[in-house]
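**Q** The sequence and its predicted three-dimensional model are supplied below.
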Amino acid sequence: MAKIEKVELAMVDLVPKVKRTDAIQSFVSQETPIVTITDVDGAVGMGYSYTIGTGGSSVMRLLADHLAPRLIGEDADRIEAIWHDLEFATHATTIGAITAIALAAIDTALWDLRAKKQKLPLWKLAGGAKDRCPLYTTEGGWLHIETDALVEDALAAKAKGFTGSKVKIGKPHGAEDFARLSAVRKAVGDGYEIMTDCNQGFTVDEAIRRAERLRDLDLAWMEEPLPADDIDGHVRLSNSTATPIA
C-alpha cells in the first residue's frame, strides 16, 4: 500500500488556435485543471480535465478546498473507492458538471500513478483486450465551417486512416444540416462513418424531426441532441429513430 502524500494543483488556460463553434456556443478557451499526485514512495501521477471557457476557477476551488485534502493519506490503489468517497462528499451541494470535471482530473492522475508504478501502459493495465482501436476525427467539423472545407477535411482524415468524422449540426434550418452532411457522405462513400454532435441544442420534437431528415445518410450516431438531464426526452427520441443516440 502506498499512501498519497502530496497533491498539487494548477490550471493552464489554452486558447484554441482555430475558431470552434457548435449549436449553442463558441469554444473560446480550454481551461485545463491539472492534478499531480505523489505517494510516499515518490511516484507521481498526473491527470487533467478541461472546460470550454467557463467554470474553471470553480473547479479549482472545489479541488483545493474540498477534494484534494481528502486524498492525503489515502491508499492510491483504491481508485474506485476514492472516486465514490469524493463523489459522495459533494453530492449534497455540488454534484454535476463541475464535480465531474474535478473528479476526472483526480481519477486520471490516480490511474497514471498506478500505471507508472506497475510499469505498464494504461491499455494493458485496463485489461489488454486489444492493442489497437479505430479512431475518428472531430476537429474538422465545427458548425461555422463551409461545406467544401468539411468535405476536404473528411477526405484528408480518411486518407490518413481515420474511420470516421464527427460533424457539428444545429444550423437554423434542418435543410442546411442535411446539405452539409450529404456532401460529406457523397465524398467519402458508404464505408466511412459520419457522426453528428448537436451539443444539447434541440427540443425533443426538433431532434425527432432532424433525425428523420437525416435518416438516409446512415449516421453512426447523434450525440447530445437534448439537454443532458432530459431522460424522458432521450427515451422518446431513441424510440422514434433507428439512428443511435449518444
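**A** Looks like it came in fine.
**Q** Leu9: what secondary structure?
**A** strand (DSSP: H, G, I helix; E, B strand; the rest coil).
**Q** how about the helices of the protein, start to end?
**A** 56-62, 68-71, 79-90, 97-118, 122-125, 147-160, 174-188, 204-213, 231-240 (DSSP state H).
**Q** ok, the nearest residue to Asp85 once chain neighbours are set aside to Phe88 distance?
**A** Using CB to CB, 6 or more residues apart in numbering and skipping the chain neighbours, the partner closest in space to Asp85 is Arg70 (6.8 Å). Quick note: C-beta positions are derived from backbone N, CA and C, even for glycine. As for Arg70, its distance to Phe88 is 11 Å (criterion: CB to CB, to the nearest Å).
**Q** Between the two, tell me which one has more neighbours.
**A** Between Arg70 and Phe88, Arg70 has the larger neighbour count (other CB atoms under 10 Å), namely 15 against 10.
**Q** Buried residues in the lowest-mean-pLDDT helix or strand in the chain, which are they?
**A** Across the helices and strands of the chain, mean confidence by mean pLDDT, DSSP states H and E is lowest for helix 122-125: a mean of 93. When burial is assessed from 16 or more other CB atoms under 10 Å, helix 122-125 yields no buried residues.
**Q** Just the CA trace of that helix, in PDB.
**A** Provided in PDB are the C-alpha atoms of helix 122-125 (Å, rounded to 0.1, in the frame of the first residue of the first chain):
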ATOM      1  CA  LEU A 122      -2.700   2.000 -19.400                       C
ATOM      2  CA  TRP A 123      -4.300  -0.200 -22.100                       C
ATOM      3  CA  LYS A 124      -2.700  -3.200 -20.600                       C
ATOM      4  CA  LEU A 125      -3.500  -2.200 -17.000                       C
END
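**Q** Quick one: residues in contact with that helix.
**A** Helix 122-125 is contacted from outside by 111-112, 114-115, 118, 131, using CB atoms under 8 Å, 6 or more residues apart in numbering.
**Q** Then stretch 236-244?
**A** Outside stretch 236-244, the residues that touch it by CB under 8 Å, 6+ apart are 204, 207-208, 211-212, 214-215, 219-222, 225-226, 245.
**Q** Are any of the residues you listed buried, and if so which?
**A** By 16+ other CB under 10 Å, these give 204, 207-208, 211, 214, 219-220, 222, 225-226, 245 as buried.
**Q** In CSV: those residues, plus pLDDT.
**A** Shown next, in CSV, are the buried ones among the contacts of stretch 236-244 (pLDDT from 0 to 100):
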residue, pLDDT
Val204, 97
Ala207, 97
Ile208, 97
Ala211, 97
Leu214, 96
Leu219, 97
Ala220, 97
Met222, 97
Pro225, 97
Leu226, 97
Ile245, 97
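**Q** Identify, from those, the entry nearest to Gly96.
**A** For those, the residue nearest Gly96 by CB to CB is Leu226; the value is 16.7 Å.
**Q** dump the residue contacts of that closest one.
**A** Contacts of Leu226 by CB under 8 Å, 6+ apart are 198, 200, 202-204, 207, 233-234, 237.
**Q** please redo it, this time with the cut-off set to 10 Å
**A** 198, 200-204, 206-207, 232-234, 236-237, 245 (CB atoms under 10 Å, 6 or more residues apart in numbering).
**Q** Can you select the buried ones among these for me in ChimeraX?
**A** Per 16+ other CB under 10 Å, the buried members of the contacts of Leu226 correspond to this ChimeraX selection:
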select :198,200,201,202,204,207,233,234,237,245
